[in-house]
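Trainee: What follows is a predicted protein model with its sequence.
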Amino acid sequence: MREREVLFSSSEIEVIVNELAEKINSDYKDKNLLVVCLLKGAFIFTSDLVRKLDINVVLEFMTTSSYADSEISTGDVKVLQDLTRDITEFDVLIVDDIIDTGNTMKFVYNLLKSRNPKSIKTCTLLDKPSRRKVEFECDYCGRVIEDKFIVGYGLNYYDHYRNVDHIFAFKSE
Ligand code: IMP
Ligand code: MG
């Protein structure tokens, strides 16, 4: 088995999620928050995050394809499963696991913005700014990381490792 390098243990992830939740709780106190979870990668992060929110939250899910089943982003984002409601009355917060090239977040941001929500912001657990192909800055960012392909806590490689409770990279041989 290839050796693993743990980047964030489950307790370290909890600290990051708590920090983000604290900011969101205070910023959205008097708003009408709609959290849009980008499937599949953000499902665990989103479920932990929303349980730390003590404000009113409506949840929606969107599935986009980009990486498909490889480590290489094509830049071509498609909506595989769309939202189930009108968002004009909501303060939308798009939640993803990680921003890499920026293609996914930028695409979803522009798409949902065109539907005229009250406001729209973005949240990611992790960010790899050194990998950007399009300009994009996230509003709520857990941690910035270096250019490494990581898995666990929702993040996958060929749909594996999503269930692992920490985040790790495989050490190169
Ligand atoms: P983008 O390149 O910013 O469009 O990232 C697209 C998607 O690729 C993210 O939502 C993640 O689900 C996935 N992704 C990016 N970097 C990694 C990684 O290091 N491990 C696993 N998935 C990743
Ligand atoms: Mg994703």
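Mentor: Sure, I can see it. Everything numeric in this text was worked out from a predicted model, so none of it was measured. Ligands and ions are numbered 1, 2, ... in the order given.
Trainee: Walking through this structure, point out its strands one by one.
Mentor: Assigned by DSSP state E, the chain shows strands spanning 4-8, 33-39, 57-65, 78-81, 91-99, 119-127, 140-144, 150-151, 167-170.
Trainee: Let me know which of those is tucked in deepest.
Mentor: Mean neighbour count (mean count of other CB atoms under 10 Å) peaks for strand 91-99 among those, with a mean of 24. For glycine as for every other residue, the C-beta is placed from the backbone atoms N, C-alpha and C.
Trainee: In terms of secondary structure, what does that one contact?
Mentor: strand 33-39, helix 43-50, helix 103-113, strand 119-127 (3 or more CB pairs under 8 Å, 6 or more residues apart in numbering; DSSP states H and E).
Trainee: picking up where we left off before, okay, the strands of the chain in JSON lines with distance to residue 19 and mean pLDDT next?
Mentor: Converted to JSON lines, the strands of the chain look like this (distance: least, CB to CB, whole Å; pLDDT from 0 to 100):
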{"stretch": "strand 4-8", "distance to residue 19": "13", "mean pLDDT": "96"}
{"stretch": "strand 33-39", "distance to residue 19": "17", "mean pLDDT": "98"}
{"stretch": "strand 57-65", "distance to residue 19": "18", "mean pLDDT": "96"}
{"stretch": "strand 78-81", "distance to residue 19": "30", "mean pLDDT": "96"}
{"stretch": "strand 91-99", "distance to residue 19": "15", "mean pLDDT": "98"}
{"stretch": "strand 119-127", "distance to residue 19": "11", "mean pLDDT": "98"}
{"stretch": "strand 140-144", "distance to residue 19": "7", "mean pLDDT": "98"}
{"stretch": "strand 150-151", "distance to residue 19": "19", "mean pLDDT": "98"}
{"stretch": "strand 167-170", "distance to residue 19": "16", "mean pLDDT": "96"}
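Trainee: Residue 8: which of the helices and strands packed on strand 91-99 is closest?
Mentor: Closest approach to residue 8 among these (CB to CB): strand 119-127, 8.3 Å.
Trainee: about what we covered before: out of the helices and strands packed on strand 91-99, nearest to ligand 1?
Mentor: helix 103-113 (3.3 Å; CB to the nearest ligand atom).
Trainee: That closest one: which residues count as buried?
Mentor: 103, 104, 105, 106, 107, 108, 109, 111, 112 (16 or more other CB atoms under 10 Å).
Trainee: same for ligand 1: which of these are within range?
Mentor: By CB under 6 Å from any ligand atom, the members of those lying near ligand 1 are 103, 104.
Trainee: what does the top helix by length along the chain rub up against?
Mentor: In the chain, assigned by DSSP state H, the helix with the most residues is helix 10-27. Residues outside helix 10-27 that contact it (CB atoms under 8 Å, 6 or more residues apart in numbering) are 8, 33, 45, 48-49, 52-55, 93, 123, 125, 140, 142-143, 153, 165-167.
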